[in-house]
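Asks: sequence plus predicted model, see below.
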Amino acid sequence: MASNQWKDAYYLKNSGAMAEKEWIFDKSYNSWFYLKSGGAYASREWIGAYYLKSGGYMAKNEWIFDSNYNAWYYLKEDGSYVTGSFNIKNKEYFFQDNGKWIQSPKYFKVKPITAYIYSESGDILSYVNQGSIVTYDGSKSKGSRLAVSISGLSGYMNQSDLALVDEGSEFIPHYTTDGRFLYHELSPYTSIRVAPHTSAMKIGKKYYSKDGEHFDGFTIKNRFLFKNLTEPTNYSADELNRVYSMMNIRNSRLAGKGAIFKEAEKRYGVNALYLMAHSALESAWGRSQIANDKNNFFGIAAYDTSPYDSAKKFDDVDKGILGAAKWIRENYIDRGRDHLGNKATGMNVRYASDPYWGEKIASIMMNINSRLGGKD
């Protein structure tokens, strides 16, 4: 029986058996072929990261346009498609993790649980969490480090920590207005209120900002985002106690603790409204597992890689509030980070990997302030 030869679209091996669901290298054609279930060779289709052209030949060292995906791919010497950056004829190209070439890269997504942002000299400036979208500045990139900006901070990130994003198919955080307030749309399902609407804003338009303050056609000032947190709130303990019922928050271990928030403000000089809003974000209004099990309402030492195990434990609820206020005072406010801020300034630089952590707490403060009468 014929062996090691083609029979139409089928390949017969030494044993005479028909090859199927396997790769075959044919020296006479100097090419790899893939024989599918049933034995016919793959043609004009992808097998994993490899593309089989007309006639079954594996593409390599060449560009392929796939009309099914309306995208260009580049196949390397080994036949697999390129991901990340790749130099072709002394020109650098960027590809998504799925191999698609992006002609003018603008955004990248953070891949590790946390990733660092560096200065030009290599010093760590801050860090961001997995899934964060950073804006790319190709003109300033240096080798394996890409120049990026996010939440007010410009710096460099390791290319290995980033995946190229196709803005046509990936959600890119942006700002919109409903005519009453400007919102930061963080995902298809999450948005936060950041400022009142102004006449310079247009309903239905998407706005983008590198720092959350400067936009095309207008500038906003999020006063709670940059408020000096050593200044006391104008709200009393009783008024703060009303917040939980006003917000329809049930089963909170923080309910009725307005006096403790005010005591923390008096004892350590940390704004009580801020402490309440911070605890709301970090502990789901005092209802998270870490809050229930460890009386930790502020995410202290709840590191991204092991939030529950690493989170600091306090003896009771009161000590959880007072101890956190003392810790925040000593580790942030007394070290010049006296406001929430963003990734360029304030507590958000070091406290949380979430680039919009400060903006989220400021939004909660804004909401509480509005509900309590706008005294702050």
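Replies: Yes, it's here. Given the structure is predicted, the values throughout are model-derived calculations rather than measurements.
Asks: need the nearest residue in space to the spatially most central residue of the chain, chain neighbours excluded.
Replies: Nearest to the mean C-alpha position of the chain, counting by Cα atoms, centre = their mean, stands residue 132 at 1.6 Å. Sequence neighbours aside, residue 110 is the residue nearest to residue 132 in space, at 4.5 Å (criterion: Cβ to Cβ, 6 or more residues apart in numbering). Placement of C-beta: from N, CA and C, glycine included.
Asks: need the pLDDT of the one you found.
Replies: Residue 110 carries a pLDDT value of 98.
Asks: distance of it relative to residue 166?
Replies: Per Cβ to Cβ, to the nearest Å, residue 110 is found 16 Å from residue 166.
Asks: more neighbours: which of these two?
Replies: Neighbour comparison, residue 110 and residue 166: the larger count goes to residue 110, with 24 against 14 (by other Cβ atoms under 10 Å).
Asks: let me see the contact set for that one.
Replies: Residue 110 makes contact with 128-134, 157, 161-162, according to Cβ atoms under 8 Å, 6 or more residues apart in numbering.
Asks: so residue 365, which of the three states?
Replies: Here residue 365 is helix, with the state taken from DSSP: H, G, I helix; E, B strand; the rest coil.
Asks: and it, how far from residue 356?
Replies: 14 Å.
Asks: over to residue 194?
Replies: 10 Å.
Asks: intersection of neighbour lists for these two?
Replies: 184, 212.
Asks: quick one: pLDDT of the nearest residue in space to residue 243 that is not next to it in sequence?
Replies: Excluding the flanking residues, the one nearest residue 243 by Cβ to Cβ, 6+ apart is residue 368, at 5.6 Å. Residue 368 carries a pLDDT value of 97.
Asks: same check on residue 78?
Replies: 97.
Asks: that one contacts residue 60, doesn't it?
Replies: Yes - contact status for residue 78 versus residue 60: in contact at 7.0 Å, counting by Cβ atoms under 8 Å.
Asks: of the two, who's got more company?
Replies: Legend: neighbour count by other Cβ under 10 Å for residue 78 and residue 60, higher for residue 60 (17 against 11).
Asks: how near is the more buried one to residue 265?
Replies: 67 Å.
Asks: same check on residue 147?
Replies: In terms of Cβ to Cβ, residue 147 sits 41 Å off from residue 265.
Asks: neighbour-wise, which of these two wins?
Replies: Relative neighbour count places residue 265 above the other of residue 147 and residue 265, with 23 against 18, counting by other Cβ under 10 Å.
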